[in-house]
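[1] Here is my input, please return the structure:
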Amino acid sequence: MRRTLKWLVRAAGVLLVLVAGALIAVPFLVDTPRIQAYVAATATQALGRQVKFSGLSVRVLPLPAVELRDLEVAEDPKFGTTPFVRLERGRIRLRLWPLLTGRVELGDILLRKPTVTIVQGADGRLNIASLGSGSSEPRTAGRSSRGGGGGSGAGGAAVATRVVIDDGQVIYAVRGPGERPAQYRLEGLDLTITSGGSQIAFKGDARLQPGAVAVKVSDGLVSLGPSRSLTDAPVRAKVALDGKDIRELTAVAVGSSPELGGALKGTLAVAGTVAAPTAAGEIQVSNLTATQSSPQCSEPKRRTLTIPTLTLNAGWQSPRFTGKPLTVKLDGGTVTAQLTATLDRGIQVQLADLAIKALPLQRVLVDYLCEGYAVTGPLDLTGALSFETRDVLNTLNGPGQLRVGSGKVVGPRALALVNRVARVGGAVSSVLGSDIPSGAFDSPLEFESITGTYTATNGVVTTRDLLYTSRAMKVAVAGDYGLGRRAVNLDLTINHKQGDLKAKVTGTAASPIVRVSSSSILKNLDNEKTEKSLRDLLKRFKK
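    A predicted model of the protein is given here:
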C-alpha cells in the first residue's frame, strides 16, 4: 500500500513537472505572428468578410490562452462602413494536453462584450445575407516546419469546438426610405455555441431593448453541409419571451401616441436558415393599455383603455409579421382578425377577416376617446382594413358591414347636429300638426339599431345605406366622411310620423354646415299661404 502511494506521488510529481514545463514553454511553442495570421485568415474565409485585430498575446495563467485585442469584422459595403462586429478583447484557450506533446490546439473561445450590428435595408435585405459568401471549406492546417513534427505554429491549430459570448450586444436596425432607422437591441447576451461535426448547437439568453423583454434561446441547432455556406444552413431553436411592460418597445415600433403597454409572454419555434430565419408560436399580452391625451375630453384629458387579453398565433418571415388569428377580448366583446404587418418601407398593417362581436362602444367612444359623435351600444362588424402606421387616418382602406344594437346617441356634437336639423321639424309642427316635442333632441337619444355598409379609401369613408332606427324616427345617411381632415359631405333623410325631412351636411365634424331641403317639407302642401310661411321659416335654417 505504501509502495503504491509512493508511485502515485511520483507520478503526480512528474505530471506537475510536465504541466509546469508546458506552461513555461507556451510562449516558445506558440508562433504568435503565424497564429495571428491563421486566426485572421480562417475567420475571414469562414465569414466571407475581412477580419482584423490590432494584436495578439499569449497568457500562461490561469490556463494557457491566446488573447486578441480590438477585433473587427467588416460590414457588407452595401450597408455602410461601420464594422459588422466589434470586440475589444477575446480569448482563445489552448488545450493543455497537446501542449505537453509540443502541439498547439485551440480550445474554447471566449468573447467578452462583443457588439454585432444587423441591418435590414429599405428593400428588406439583411446585411448578414452575404456572410459566408467565401469558401465554407475548413482549412486543413499542415504541420509546422518548426521542430520537424511539433506543429508549434499556426499549422497545428485546430478549430475551436466551443465559443462563449459573455455580455454581448446585438443591434438590429430597420431602415426605411427617408426615415431614421428604428433600432432594437439584444443586451446582456450570454450565448454558448458548440460545434460538433456537421452541426452547431447554441443556447443563451438576453434582454430585448427597449422594453427589457427577457429572451431565452434553447435547443438551437445549425446544420452544415459540405457545399453549403453558413447563411444557407438550416436553423432551428426555441425562443421564450417574457416582458413586464412593452411600452418602450411599442413606442419604437408604432410611435408614442397612443402609448401601448402591457405584459408580454410568448414561445416561438425558429426555423428557416441563418440568413432568413422564420418564427412561429403564440404570444399573449395581458392588461394591454392604450393611453393618450384628448383635448375634447373633460378632465382628466389623459385617458387609458385597458384590454384584459390579446393573443395571437404569431409568425415571422422577413419582412412580414403575422398574427393568424389575432384575438382581443373586452368586457364580453371580442375582436378577431388575420393580422399581417409588413416591415418594408415603413409598417403596413392588414386586418383580413375582421370580425367584431358585442364590442361595448361606451368604453371606446365615450370613456376613452370622448368622441363628439359617440354612441353607446354593442357593435357587431365584419370586413377588412389596411393602413400604414405612419398615418393611420389618411391611409385607411377596406370595406365593412356594421350593426350597433340598442343604445343611445350621447356625443354632444351628434346631439347638436340632430337637434339643428330637427328644429325645422319642430317649428313646422305647429303648421303640420306634428307631435315632435320641443327639446326632444337636447338629451341622449335612445335608438334601436344603427346598421349599414361602408368602404374606406385612403382615409375617406363612404356609405350609401347607413340607417338609424328609433321609435320616434328613422334617419338614412349617405355620403362621405374624411377621417384625417374630418370633412363631412352627407345627405340625411329623417322619416317621422308627418313625413320625410331631408338635409345636406357639409363642412367639418367640428363645424358642420346644415342645409335643409324645403321641397321635402312643402311638396305636399297646396295652401299658398302656408307654403309662404314655411318658406320664410326655412330661410332661418339654411345657414
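[2] Tell me which stretches of the stretch 401-543 of the chain form strands.
    407-409, 445-447, 449-457, 460-469, 474-482, 487-496, 499-507, 512-516 (DSSP state E, counting those that start in this stretch).
[3] Direction included, what does the second one pair against?
    Read it as strand 445-447. Strand 445-447 has the following sheet partners, assigned by DSSP bridges: strand 407-409 (antiparallel).
[4] picking that back up, the strands of the stretch 401-543 of the chain: which one's closest to Ala279?
    Smallest distance to Ala279 across the strands of the stretch 401-543 of the chain (Cβ to Cβ): 31.4 Å, for strand 449-457. (C-beta placed from N, C-alpha, C; glycine too.)
[5] hey, which of the strands of the stretch 401-543 of the chain is tucked in deepest?
    Comparing the strands of the stretch 401-543 of the chain by mean neighbour count (mean count of other Cβ atoms under 10 Å), strand 407-409 comes out on top with a mean of 21.
[6] quick one on the thing from earlier: please name whichever of the strands of the stretch 401-543 of the chain is nearest to Ile200.
    strand 449-457 (49.1 Å).
[7] counting contacts, what elements does that closest one pack onto?
    In terms of contacts (3 or more Cβ pairs under 8 Å, 6 or more residues apart in numbering; DSSP states H and E), strand 449-457 is packed against strand 398-404, strand 460-469.
[8] okay, those strands in JSON lines with mean pLDDT and distance to Ser218 next?
    Formatted as JSON lines, the helices and strands packed on strand 449-457 follow (pLDDT from 0 to 100; distance: least, Cβ to Cβ, whole Å):
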{"stretch": "strand 398-404", "mean pLDDT": "97", "distance to Ser218": "40"}
{"stretch": "strand 460-469", "mean pLDDT": "95", "distance to Ser218": "48"}
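[9] I'd like to know how far the residue positioned nearest the centre of the chain sits from Phe321.
    Residue closest to the mean C-alpha point of the chain, counted by Cα atoms, centre = their mean, is Ala253 at 5.4 Å. Taking Cβ to Cβ, to the nearest Å as the measure, Ala253 falls 10 Å from Phe321.
[10] What of Gly479?
    36 Å.
[11] Residues touching the helix or strand hosting Tyr184, excluding its own?
    Using DSSP states H and E, Tyr184 maps to strand 182-196. Residues outside strand 182-196 that contact it (Cβ atoms under 8 Å, 6 or more residues apart in numbering): 159-174, 176, 200-210, 215, 217, 249, 252-253.
[12] Between Ala253 and Phe321, which contacts overlap?
    Counting by Cβ under 8 Å, 6+ apart, nothing touches both Ala253 and Phe321.
[13] quick one: contacts for the closest residue in space to Ala276 that isn't next to it in sequence?
    Distances taken as Cβ to Cβ, 6 or more residues apart in numbering put Ser318 closest to Ala276, at 6.3 Å, once the chain neighbours are dropped. Under the criterion of Cβ under 8 Å, 6+ apart, the neighbours of Ser318 are Gln120, Gly124, Leu126, Ala276, Pro277, Leu343.
[14] So the third one is in contact with Thr117, correct?
    It stands for Leu126. No. Proximity of Leu126 to Thr117 does not meet the contact threshold set by Cβ atoms under 8 Å, at 11.2 Å.
[15] Can you tell me which of the contacts of Ser318 has the most neighbours?
    Neighbour counts for those peak at Gln120, which has 22 neighbours (criterion: other Cβ atoms under 10 Å).
[16] Next up, the contacts around it.
    Contacts of Gln120 (Cβ under 8 Å, 6+ apart): Leu126, Asn127, Tyr172, Ala173, Val174, Arg175, Ser318, Pro319, Leu343.
[17] Mark which of those residues are part of helices, please.
    Among these, no residue falls in helices (DSSP state H).
[18] Which residue comes closest to Arg86 once chain neighbours are left out?
    In this structure, Arg86 finds its nearest non-sequential neighbour in Thr115, 4.6 Å apart by Cβ to Cβ, 6+ apart.
[19] Mind pulling the model confidence for the one you found?
    What the model reports as pLDDT for Thr115 is 91.
[20] Tally up the residues packed near it, please.
    Around Thr115 there are 16 residues (other Cβ under 10 Å).
[21] so Gly315 makes contact with Pro277?
    No. The criterion here is Cβ under 8 Å, and Gly315 misses it with Pro277 at 11.8 Å.
[22] what comes up buried for the helix or strand following the strand holding Tyr184?
    Where DSSP H and E defines the elements, the next helix or strand beyond strand 182-196 is strand 199-209. For strand 199-209, the neighbour count (16 or more other Cβ atoms under 10 Å) marks Ile200, Phe202, Lys203, Gly204, Ala206, Leu208, Gln209 as buried.
[23] Report the distance from strand 199-209 to the chain centre.
    The chain centroid and the centroid of strand 199-209 are separated by 20 Å under Cα atoms, centre = their mean, to the nearest Å.
[24] what sits up against that strand?
    By Cβ under 8 Å, 6+ apart, the residues outside strand 199-209 that reach it are 165, 168, 170, 184-194, 213-224, 237, 241, 243, 248-249.
[25] What segments of the stretch 151-300 of the chain are helices?
    For the stretch 151-300 of the chain, the helices defined by DSSP state H, counting those that start in this stretch cover 247-254.
[26] Low-confidence ranges, it, go.
    For the stretch 151-300 of the chain, the stretches flagged by pLDDT under 70 are 151-160, 175-182, 227-228.
[27] How is the chain divided into domains?
    For the chain, whose domains are defined here by automatic domain parsing, the residue ranges read 20-196, 408-541.
[28] remind me which residues of the stretch 1-150 of the chain are low pLDDT?
    1-36, 38-39, 42, 46, 55-64, 94-107, 124, 132-150.
[29] Go through stretch 380-389 and flag the buried ones.
    Asp380, Leu381, Gly383, Ala384, Leu385, Ser386, Phe387, Glu388.
[30] OK, contacts around the fourth one?
    Meaning Ala384. Gln350, Leu351, Ala352, Asp353, Leu354, Gly398, Pro399, Gly400.
[31] cool, the first one as well?
    Contact criterion Cβ under 8 Å, 6+ apart gives Ile356, Lys357, Ala358, Leu359, Leu402, Arg403, Val404, Gly405 as the residues in contact with Asp380.
[32] Can I take it that it is in a helix?
    No. Read with DSSP: H, G, I helix; E, B strand; the rest coil, Asp380 is strand and lies in no helix.
[33] Single out whichever of the buried residues of stretch 380-389 has the smallest pLDDT.
    pLDDT across the buried residues of stretch 380-389 is at its lowest for Glu388, which sits at 90.
[34] So in terms of bridging, what pairs with that one?
    Gln348.
[35] phi, psi of Ser256?
    phi -90, psi -10 (degrees, to the nearest 10).
[36] Can you report how many residues lie near it?
    12.
[37] before we move on, what about Val349?
    A count of nearby residues for Val349, using other Cβ under 10 Å, gives 17.
[38] what sits against it?
    Leu339, Thr340, Ala341, Thr342, Leu385, Ser386, Phe387, Glu388, Thr389 are the contacts of Val349 under Cβ under 8 Å, 6+ apart.
[39] let's see 6 Å
    Contacts for Val349 (Cβ atoms under 6 Å, 6 or more residues apart in numbering) come out as Ala341, Phe387.
[40] just to revisit the earlier point, what separation is there between the residue nearest to the centre of the chain and Ile246?
    9 Å.
[41] the strands in the stretch 51-200 of the chain, which residues?
    Remark: strands assigned in the stretch 51-200 of the chain by DSSP E, counting those that start in this stretch are 51-52, 55-59, 65-73, 85-94, 106-112, 115-120, 162-174, 182-196, 199-209.
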